[in-house]
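Asks: got a sequence here, can you model it:
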Amino acid sequence: MQKLTKVFIVDDNQEAIEVLQRLLEKNYSVDIVGTACDAKSAAETIIQTEPDIIFIDIELPTMSGLEFCSLIRQDIKPETKVVFYTGHEKYMLDAIRHQAFDYLMKPPTEQDLSQIMTRYYENKLAGIPSVGSNAEQLPIILVVNAMNEHTTLRISDIAYFRYNQERKIWEAICMDGTIYLLRHRTTADVILNYSGDFVQIHKRYIVNINQIKKIQESACILMEPMESVTELRISKNYRTQLMSAFYSL
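Replies: Predicted coordinates for the structure are as follows:
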């Protein structure tokens, strides 16, 4: 069972706490381990519950959120992320100086929160150590769809990527036929940077070189069970690069 992301919210406005809590619980696999209206009273509970993310207002009664971060940083996990949750942009520079992970303006929108949570998940995945004796573990790709569902894929899961011209978005097509939508800001360069195993064969197609069974005239034929895929046409502009990668296997 996937471990829930533990979240703690500190804000002297109860309504602001409830708004953020609803958005988080609606869209993400989170466990709200605590809320508090004052930073000073929240410190002990935060240390005990060890949240993964702390959302904290900057203007609080007994001490500011900035002061609180300086006070508690040595008592919480190094990987705990602090997101300042405030209605004032004037504190943004101070938040950066206090090593804030991010900055969420009130009232929060689903889009703004999505950007923060996606960045959190990507950051978390980047820190996952390799497992087993193989030193060259395949990296993990994070897929986020329009419903804010987060899925992790390994390179070996993916057959190819296709640019959906109608939706103007890249898709990942897996060896089992499952299709995942990538984020709108994902470009061909971003995909190619995931792994050297991904090779562009057309402006609309990027293939996993390890899943190619053969190159037949101007088309890539994939391994079973994807051998019936016929859309992977090779553009003249990318053919030399593809052949070089294929014969280097």
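Asks: now for the stretch of helix or strand Glu171 belongs to, which elements pack on it?
Replies: Assessed by DSSP states H and E, Glu171 sits inside strand 169-174. Of the remaining helices and strands, those touching strand 169-174 by 3 or more C-beta pairs under 8 Å, 6 or more residues apart in numbering; DSSP states H and E are strand 158-164, strand 179-181. For glycine as for every other residue, the C-beta is placed from the backbone atoms N, C-alpha and C.
Asks: now, of those, which is deepest in the fold?
Replies: strand 158-164 (a mean of 21; mean count of other C-beta atoms under 10 Å).
Asks: that one pairs with which strands?
Replies: Pairing partners of strand 158-164, with direction, according to DSSP bridges: strand 169-174 (antiparallel), strand 205-208 (antiparallel).
Asks: after the shortest one comes which helix or strand?
Replies: To tie it back to what came earlier, the one meant is strand 205-208. Next element after strand 205-208 (DSSP H and E): strand 212-216.
Asks: who does that next one touch, helix- and strand-wise?
Replies: Looks like strand 212-216 contacts strand 219-222, helix 236-246 (3+ C-beta pairs under 8 Å, 6+ apart).
Asks: what residues of stretch 206-215 count as buried?
Replies: 206-209, 211-212, 215 (16 or more other C-beta atoms under 10 Å).
Asks: could you work out the end-to-end span of that stretch for me?
Replies: Distance between the two ends of stretch 206-215: 14 Å, counting by C-alpha to C-alpha, to the nearest Å.
Asks: rewinding a little: turn the strands paired with strand 158-164 into TSV, columns for mean pLDDT and distance to Met243.
Replies: Shown next, in TSV, are the strands paired with strand 158-164 (pLDDT from 0 to 100; distance: least, C-beta to C-beta, whole Å):
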stretch	mean pLDDT	distance to Met243
strand 169-174	92	22
strand 205-208	96	13
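Asks: pick the most buried one from those strands.
Replies: Of all those, as judged by average neighbours under mean count of other C-beta under 10 Å, the leader is strand 205-208 with a mean of 24.
Asks: circling back to that earlier point, just say which of the helices and strands packed on strand 212-216 is most tucked in.
Replies: When the helices and strands packed on strand 212-216 are compared using mean count of other C-beta under 10 Å, strand 219-222 is most buried, at a mean of 19.
Asks: against which helices or strands is that strand packed?
Replies: strand 158-164, strand 212-216.
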